[in-house]
Each structure stands twice: as C-alpha cells, then as structure tokens.
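Engineer: Have a look at this prediction, sequence included:
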Amino acid sequence: MTAAATAPAPARHSRLSGRLAGTGALLRLALRRDRLMLPVWILALGGTLVSGAGTLAKLYDTAAKRADLAESMNGNSSLRALYGPVFADSLGALNAWRLGGFMAVLAAVMSLMIVVRHTRDEEETGRQELLSSACVGRHAPLASALLTALLANAGVALITTAGLAKSTGSTAGSAALGLAVAATGMAFAGVAAITAQLTESGRLAKGLAGAVLGTAFVLRAAGDTSSHDASSVLDWLSPLGWAENVRPYAGERWWALLLLVVAAGAQSAVAYALAGRRDIGMGLVPPRPGPAEGRMATAYGLAWRLQRGALTGWAAGFAVAGLLFGGMTKGATRLLGDNEQTKEMFRRMGGQSGLTNAYLAAIVGLLGMVAALYAAQSVLRLHGEETGGRAEPVLANAVGRLPWAAGHLVIAFGGSVLLMTVGGLGLAAGYGEDFGRILGAALVQVPAIWVLAGLAVLLYGAFPKAAPATWGVVGVCLALGWIGPALNLPRAALDLSPFGHLPKLPGTPMHWLPVLSLLALAAALVGAGLAALRRRDISG
C-alpha cells in the first residue's frame, strides 16, 4: 500500500526532468550568444545607478539643499507622475527617486528582449526545431531564457548594491534599490514568456510585452499624480508601483519585493503551462489569414500589411505621451524656477532660452529618441523576414530586392515623421500654446532619427549578423540624451549621439547646417546599405 502510494512521485519527477533536459546546454549557448549584449546592459544599468549618486552629491551638497529638493518635488503632481514621490531627503533616497524608476523600466526592456530572443525568435527562425531534435526537453528553451534574464538582473543588482553601499553608507538601501530594479526586470521577463507562447512572431511578442510595460508606467504615473506617498490604488495595480513602494533608503519595505517575485513566478508557471499546449513554431493565437489582393499584391502593400499594426500602436502611444508631458509643462516650470541645479540640467537637455522652452525642447528630444526605437524596429523587420525564411519566396518572384526593401523603408522613415507629428501635436495640445513652434521642434528631430535608421539599413545590408546591434546604438543614444545631462557628462560625450547636434527648439535660432548634414549622412548610410544588399546572398 505504501509502495503504491509513493510510486507516482518518481514518475512525476522523471517527467519534469525530461521536460527540462538540456536546459544547462541551452543556457550556456544563450550566454555565449549574448556575451557582448549582456555585459553592456548590466554595466549600463548598474553603472548609471552608481554614478548618479556621485552627481547628486555634487549638485546637492548640503542637507538643506536636499531637503528643499525633496519638498519641492513632492509638491508638484506633474513631476511626481514623471519620477514618482521622494520618500526621504538622503543622498541614496534622492538617487533612487531620480533614476530608480527609469532603470526599472530599462531592466524590464532588457528582460523581455532576452526572453523573446531565446524563445519565440529561435522558433521563428527554425533554430529551435533543429535543437529540439536532440536531447532537449519541451520546457528547456523557456527555462534557459528565464535563467539568462535572471543572471542579467542579478548582475545589475550586485553592481548596484556594491557600488552604492560605499557612496551612500547604507548597504540595506543599496540592496533594496538593486533588488527592486532586478525584480521588476524578472516580472516583465514573465510577461514576455507568456506573450512568446501566444504569438507566432517575435516582433509581436515584444510589442505585446511592451504594451503591458507601457500600461504599467501609465498606471504608476496616474497613481503618483493623485498621492504623495505612492499609496494610490493605481500604484498597487502596477509592478512599477510595487518597485517604487520598496522605498530604498527610506525605511525599506522588503515585503513589497515579494509582490514582484510572486508575479514573476506565477507568470513563469503560466508560460510553462502554455508551452505544453502548442506545437513548436506555432502560437496559441493563430495569425489572421488574408488574401493578397489589391494593394497587397505589391511589395509596398505587403510591407504596409505587416507593419501597420505596430505603427498604429506607436502613434497612439505618442499621442498620449505628448498630451501627458504637455500638461506637465506649466506646473514643472513654475516649480523649478528657484532651483538652479535642476534648471541647469534642463538647460543642458533643452537649451538656454528660458526654462519653459528648455523643458519643451527636452521632451521633444525624448520623443525623438523613442521614435528612433520605432525606426530601428521597422527597418529590422527586413532582417526578421529574411531570417524567418519569408523573404526568399517573395524575391523568387518578379520582385526585386530594392523594391522589397523600399516598401519597409518607406514605412520606417515615413512612420517616424508621423510619430513626431502626432507627438508634437499632442505636446502642443497638452500645453495649450505654440502649436506651430512645438510641431516644428518635433519635426527637427527627424534627421537624427533617420541617421540611426540609416545605420540599421547599413548593418542589415552589409553585415546582417550584426544588424541587431542597432538596438545597442539606439539605447546608448537614449541614455546619452536623457540621463547624460543629469550625470553632467561632458559635451563631447553627448555629441556622440546625432541628437546632440540638433538645434534646441523651440526657443533657440534654427540652424540648418547640422540638420542638412544629418540628412546627407542618413542618405549615405541608406545608399550604402542598399548597395550592399544587392550584392550579398539572401539567406533562406
């Protein structure tokens, strides 16, 4: 009787180990493939958090200045929506307030990209089917992807804890900040694990996970607008709000970390369950079929069909972001009028022509850098079509390489113009003034966006295996433009980004030379990339 009762346990253990067979080998393969990308992410996130404390120590070198900053920031709902509330006026607490939220978002982006890259992308390219023909269990790819994300987030937590413990004097606060950022990353790794099971496209899986991240940010921002201590119900509906409520350096709430850990574990369990209910290469939500009629009979029509959903989603996000940031303008500038250090930071971001103009120019620049992410994603759709084996059948017919590529590039380059137009109009509508000036400032960002898109074309055309490196370049430009001024980086470092050469509109005079130079550079990059594409082989 006892033997019969205990017999199923070894069988269950054997089935579980069989499903996870080969996890170690796949993990080593993932770490080898990401041997360049992961260290860059880890050092960028952890290093930014560590260096931020030193910069704040120089800007606010007395307790009185730090207390005044905390009080003034908490008194403005617009800035609470952007950064969250300040829970204490210590150096560590101010560093957590200024950078913790943004680093948590970037950790989430890093994690969802890692998970989708090693699950859905592998299936989409056919590599996973080849690997699964060996001794690889059903759940091993997902397990190795989640472990890769876990190691990356653990690296961020370790660097943050070790680096900040000395400068802030609080090991507990430093550990709380590092763990909050890392746990947020793992929570969204779980989100990506689920979306990778639902779709047949890595691009769509990233898009759905990104939409969840955007919703979490909006909920957190709305909650912080209505409360001074992150106690709103909306804060508790967002994983970013949970990370915020860990409160590093301000009486740490360690139990708030459990919410993120439980969310990551529960979502991973759901993803494992879903993975067992589908075939390799398939998604639980089948793609919508449709005949290639009318405009879809052309390369341009096919590209539009493939990318219209992403462009629509991005445009809606830009409209909402523009309205939110525009509505913050007057309150933010009134609050910062007496704070010379923060005024100087915004002037470094947006120019020297008055605080309101500097704020608007800084926000327009941020929208431009985010639009560069869309442009890179849209250009790299060519890479996904090729590696997924869908480009070769199209090009086998009466479709040349250049028309095929041009269909996607028109959407990438034209779509970025649309995004900046929508974002600029939203920003002007939220502000309620200067529609023409703000729209013009938004469109001035387009040449820098096109330079980064042109770089993606060049890498795809000439060095297709290196094409994903475009994401790293765009990420560096985003960090230089948004975090660089706060860290007081030298002008030479900021000028490494094409956005650093644009005139700071609205407010400053328009200078056409850098704009035209960037347009010429973008055209040269695109031309070189297309010329290389014509000469090389197209992979199946």
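Structural biologist: Received the coordinates, thanks.

Engineer: Let's see stretch 471-486 as CSV, backbone CA atoms only.
Structural biologist: What follows is stretch 471-486, C-alpha atoms only, in CSV (Å, rounded to 0.1, in the frame of the first residue of the first chain):
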residue,chain,number,x,y,z
TRP,A,471,19.4,48.3,-30.6
GLY,A,472,22.5,48.9,-28.6
VAL,A,473,23.4,52.0,-30.6
VAL,A,474,19.9,53.4,-30.2
GLY,A,475,20.0,52.6,-26.5
VAL,A,476,23.3,54.4,-26.0
CYS,A,477,21.9,57.5,-27.7
LEU,A,478,18.8,57.3,-25.5
ALA,A,479,20.9,57.1,-22.4
LEU,A,480,23.2,60.0,-23.5
GLY,A,481,20.3,62.2,-24.3
TRP,A,482,18.1,61.6,-21.3
ILE,A,483,20.4,60.6,-18.5
GLY,A,484,23.6,62.2,-19.7
PRO,A,485,22.7,65.8,-18.7
ALA,A,486,21.6,64.6,-15.2
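
Engineer: Run through who's touching it.
Structural biologist: Applying Cβ atoms under 8 Å, 6 or more residues apart in numbering, the external contacts of stretch 471-486 come out as 37, 40, 44, 48, 52, 55, 98-99, 102, 113, 345-346, 348-349, 365-366, 369-370, 372-373, 376, 452, 455, 489, 493-494, 496-500. Using the backbone N, CA and C atoms, a C-beta is placed for each residue, glycine as well.

Engineer: pLDDT wise, what is the spatially closest residue to residue 213 that is not a sequence neighbour at?
Structural biologist: The shortest distance from residue 213 to any non-neighbouring residue, by Cβ to Cβ, 6 or more residues apart in numbering, is to residue 108 (5.3 Å). On pLDDT, residue 108 comes in at 93.

Engineer: what do you get for the one 4 residues further on?
Structural biologist: Note on residue 112: pLDDT of 92.

Engineer: tell me what the strand or helix carrying the residue nearest to residue 213 is packed against?
Structural biologist: Here residue 108, judged by DSSP states H and E, is contained in helix 101-117. Contacts defined by 3 or more Cβ pairs under 8 Å, 6 or more residues apart in numbering; DSSP states H and E place helix 101-117 against helix 37-59, helix 140-168, helix 171-198, helix 202-226, helix 239-244.

Engineer: then the first one to CSV, C-alphas only?
Structural biologist: This points to helix 37-59. Coordinates of each C-alpha in helix 37-59 appear next as CSV, following Å, rounded to 0.1, in the frame of the first residue of the first chain:
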residue,chain,number,x,y,z
MET,A,37,25.0,42.4,-25.3
LEU,A,38,24.5,41.3,-21.7
PRO,A,39,27.6,42.9,-20.2
VAL,A,40,26.7,46.2,-21.9
TRP,A,41,23.2,46.1,-20.4
ILE,A,42,24.4,45.1,-17.0
LEU,A,43,27.1,47.8,-16.8
ALA,A,44,24.9,50.4,-18.3
LEU,A,45,22.1,49.9,-15.8
GLY,A,46,24.2,49.3,-12.7
GLY,A,47,26.8,51.9,-13.7
THR,A,48,24.1,54.6,-14.2
LEU,A,49,22.6,54.0,-10.8
VAL,A,50,26.1,54.1,-9.1
SER,A,51,27.3,57.2,-10.9
GLY,A,52,24.0,59.0,-10.3
ALA,A,53,24.7,59.2,-6.6
GLY,A,54,28.0,61.0,-7.2
THR,A,55,26.4,63.5,-9.5
LEU,A,56,23.7,64.3,-7.0
ALA,A,57,26.2,64.7,-4.2
LYS,A,58,27.8,67.5,-6.3
LEU,A,59,24.6,69.2,-7.2
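
Engineer: Tell me which other helices or strands it touches.
Structural biologist: When contacts are defined as 3+ Cβ pairs under 8 Å, 6+ apart, helix 37-59 sits against helix 91-95, helix 101-117, helix 140-168, helix 171-198, helix 469-482.

Engineer: And the fourth one, what does it pack against?
Structural biologist: Right, helix 171-198. So helix 171-198, by 3+ Cβ pairs under 8 Å, 6+ apart, packs with helix 37-59, helix 91-95, helix 101-117, helix 140-168, helix 202-226, helix 239-244, helix 255-275.

Engineer: Can you check what angle separates that helix from helix 255-275?
Structural biologist: Taking axes from the mean of the first three to the mean of the last three Cα atoms, to 10 degrees, one finds that helix 171-198 is oriented at 20 degrees with respect to helix 255-275.

Engineer: just to revisit the earlier point, just the mean pLDDT for the next helix or strand after the helix holding residue 108, thanks.
Structural biologist: Using DSSP H and E, the helix or strand that directly follows helix 101-117 along the chain is helix 120-125. Averaging pLDDT along helix 120-125 gives 80.

Engineer: Tell me which residues of helix 120-125 come out buried.
Structural biologist: Neighbour counts over helix 120-125 (16 or more other Cβ atoms under 10 Å) mark 120-125 as buried.

Engineer: ok, now which ones touch residue 306?
Structural biologist: Residues near residue 306 by Cβ under 8 Å, 6+ apart: 381, 385, 408.

Engineer: does the second one really touch residue 395, like I thought?
Structural biologist: No: contact criterion Cβ atoms under 8 Å: residue 385 and residue 395 do not qualify, at 9.9 Å.

Engineer: Between those two, which is the more surrounded one?
Structural biologist: residue 385 (21 against 17; other Cβ atoms under 10 Å).

Engineer: for that one, what are its contacts?
Structural biologist: Shown in contact with residue 385 (Cβ under 8 Å, 6+ apart): 306, 391, 394, 408.

Engineer: quick one: which of the residues you listed is nearest residue 401?
Structural biologist: Among these, residue 391 lies closest to residue 401 (Cβ to Cβ), at 9.0 Å.

Engineer: Setting aside sequence neighbours, what's the nearest residue to the closest one?
Structural biologist: Spatial nearest neighbour of residue 391, chain neighbours left out: residue 385 (4.5 Å); criterion: Cβ to Cβ, 6+ apart.

Engineer: so how far is the one helix or strand the one you found maps to from its chain's centroid?
Structural biologist: Assigned by DSSP H and E, residue 385 falls within helix 381-387. Remark: helix 381-387 is offset 20 Å from the chain centroid, using Cα atoms, centre = their mean, to the nearest Å.

Engineer: If anything else comes up later, I'll come back, but that's it for now.
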